[in-house]
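[1] Kindly generate the corresponding structure for this input.
(2 chains)
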Amino acid sequence: MEITFTVNGVERTADVEPRMLMVHLIRDVVGLTGTHVGCDTTSCGACTVLVDGIPVKSCAQFGVQADGRDITTVEGLQTNGSLHPVQEAFKQEHGLQCGFCTPGMMLVAAALLEKNADPTEDDVRWAISGNICRCTGYMNIVKAVRAAAAAKAGAPTTGATA
Amino acid sequence: MLPPRFEYHRPSSLDEALSLLDTYGEDTKILAGGQSLIPLMKLRLASPGHLVDVNRIPALDTIEEHDGALHIGALIRHEQLATSDVIAARYPTIAAAAPMIADPLVRNVGTIGGSLTHADPSGDLGSVMLALGASVVLRRTGGGRVVPIGEYLVDTFQTSIAPNELLTEVRVPSPSADAGGTYLKLERKVGDFATVGTAVFLSFDDGHIARAGIGLTSVGLTNIDASDAAASLVGAAPDDDAFANAAALASRAASPATDVRGSAEYKRHVVDVFVRRGLARAAEMAGRR
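    Purely as a prediction, here's the structure:
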């Protein structure tokens, strides 16, 4: 089935088998491998992407469902070579250890900050509760998301919208 | 994991969807949120020949209160239930359950129609709808029917829907101003299925309980309607004795299995504690305690 969709602002067309999962469309057809396959059973959130701005698990969607939709992957967070405030904060606060869950964590965080510019620690923990970090590095992830919120508040003109 | 091959259909209207069901019904699954269906297909526990993707059908994604009921479109996502103003104001049992379903990513996608039709006894919304006395609207080409939720959830992963029918709406009776309810859920971690969940609803008339509903999650082959427990409350005053008696009856209505989440005895005890606690909270909300 031929589908047309947007990934990180670029319109694409692909002819895909209906059973191809969205995560494989992104990784294998579009060639963006920042979106990870973790559990493959809808449990871990490593495959999180934004579909029309909403975080979803791309291992639990079919690629054909992307038709007409606007997808943002971790590669789309930066704009013109400048890191998104969330990326900058994960770097500054060391919000990662092995890095495998990081793309999903950052996309969920970016979507959270679009809805809630000043999240409490509880808000952050609630928002990332569908994303598992098996290094159990949650402390620094939470710190990073709050630091990103503070940075965005201090410099409202920088940073891409997710 | 690749799911098995299937033919994909994406109707743009309800009539088109129903006509597809007329043609392919027996070998078809409806793709709504897909948060249970797609994992089941990957595991080959489901291998439908056809998928009818209903996500682009208009008018299945509204929440409206009129004619004495709340009408929830089948495509309403759990996150929309959790953030709806009318639900927050008047349907506290739904408002309490919605943010506890699965995890935030699943709640962004999973739908009320899909959840009820999946009929997992660990599903939270089935118990909520039993407590609230809700019905589902099933449409087919040229007609439709309204089915009480207790008659819809017939067995584990099994409903009374026919292959040519589509669930389009969940209908919840509007409560009087003098009512309350809540949902309590014990889970090991976010995203895990409930160890035990209990949904309660109470409405009052002149200080006495006029209507009661109690639904139980993860303690039997379906979501359980603890109707004896609820019936014991009608006409009673909202006191500790009445609630303890109802909780004991609810606990008896449960038939939990021992598994990794706990022993049957433990789960039965949690039902007792949660029903008592939930009823007290419902009465407080209604200003009756």
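[2] How about the residue of the stretch 101-250 of chain B found nearest chain A: what's its closest non-neighbour residue?
    Closest residue of the stretch 101-250 of chain B to chain A, C-beta to the nearest C-beta: B:D103 (3.1 Å). C-beta here means a position set from N, CA and C on the backbone, and glycine is covered the same way. Leaving aside its sequence neighbours, B:D103 sits nearest to A:G130 (C-beta to C-beta, 6 or more residues apart in numbering or on different chains; 3.1 Å).
[3] ok, the one you found touching B:G110?
    No. Using C-beta atoms under 8 Å as the test, A:G130 is too far from B:G110 to be in contact (11.5 Å).
[4] joint contacts of these two?
    B:A102 (C-beta atoms under 8 Å, 6 or more residues apart in numbering or on different chains).
[5] Contact partners for the residue in chain A positioned nearest to chain B?
    For chain A, the residue closest to chain B is A:G130, as judged by C-beta to the nearest C-beta, at 3.1 Å. Contact analysis of A:G130 by C-beta under 8 Å, 6+ apart lists A:G45, A:T48, A:K57, A:V108, B:A102, B:D103, B:P104, B:L105, B:V106, B:V190, B:G191.
[6] Run a quick neighbour tally on B:D27.
    B:D27 has 13 neighbours, counted by other C-beta atoms under 10 Å in any protein chain shown.
[7] separation between it and chain A?
    Relative to chain A, B:D27 is positioned 15 Å away (C-beta to the nearest C-beta, to the nearest Å).
[8] Okay, helices next: where are they in the chain?
    Assuming you mean chain A. A:22-24, A:85-92, A:102-115, A:121-127, A:138-154 (DSSP state H).
[9] wait, chain B
    Taking DSSP H as the criterion, chain B carries its helices at B:14-24, B:37-42, B:78-83, B:85-90, B:92-97, B:104-107, B:112-118, B:124-132, B:149-152, B:227-233, B:240-253, B:264-285.
[10] which residue packs closest to the most centrally placed residue in chain A, ignoring adjacent ones?
    The geometric centre of chain A, computed from its C-alpha atoms, lies nearest to A:L107 (C-alpha atoms, centre = their mean), at 2.5 Å. Once flanking residues are discounted, A:L107 sits nearest to A:T48: 5.1 Å by C-beta to C-beta, 6+ apart.
[11] With B:E187 instead?
    B:A194 (5.5 Å).
[12] dump the residue contacts of the nearest residue to B:V200 once chain neighbours are set aside.
    Leaving aside its chain neighbours, B:V200 sits nearest to B:G278 (4.0 Å; criterion: C-beta to C-beta, 6+ apart). B:G278 makes contacts with B:G181, B:T182, B:Y183, B:L184, B:T198, B:A199, B:V200, as judged by C-beta under 8 Å, 6+ apart.
[13] and those residues, which of them are in strands?
    Members of the contacts of B:G278 lying in strands (criterion: DSSP state E): B:G181, B:T182, B:Y183, B:L184, B:T198, B:A199, B:V200.
[14] Enumerate the residues of chain A near chain B.
    A:1, A:17-21, A:40-43, A:45, A:48, A:54-57, A:60-62, A:64-65, A:67, A:108, A:126-127, A:129-131 (C-beta under 8 Å from any C-beta of the partner chain).
[15] Test my guess that B:H118 contacts B:F157.
    Yes. Judged on C-beta under 8 Å, B:H118 makes contact with B:F157 at a distance of 6.8 Å.
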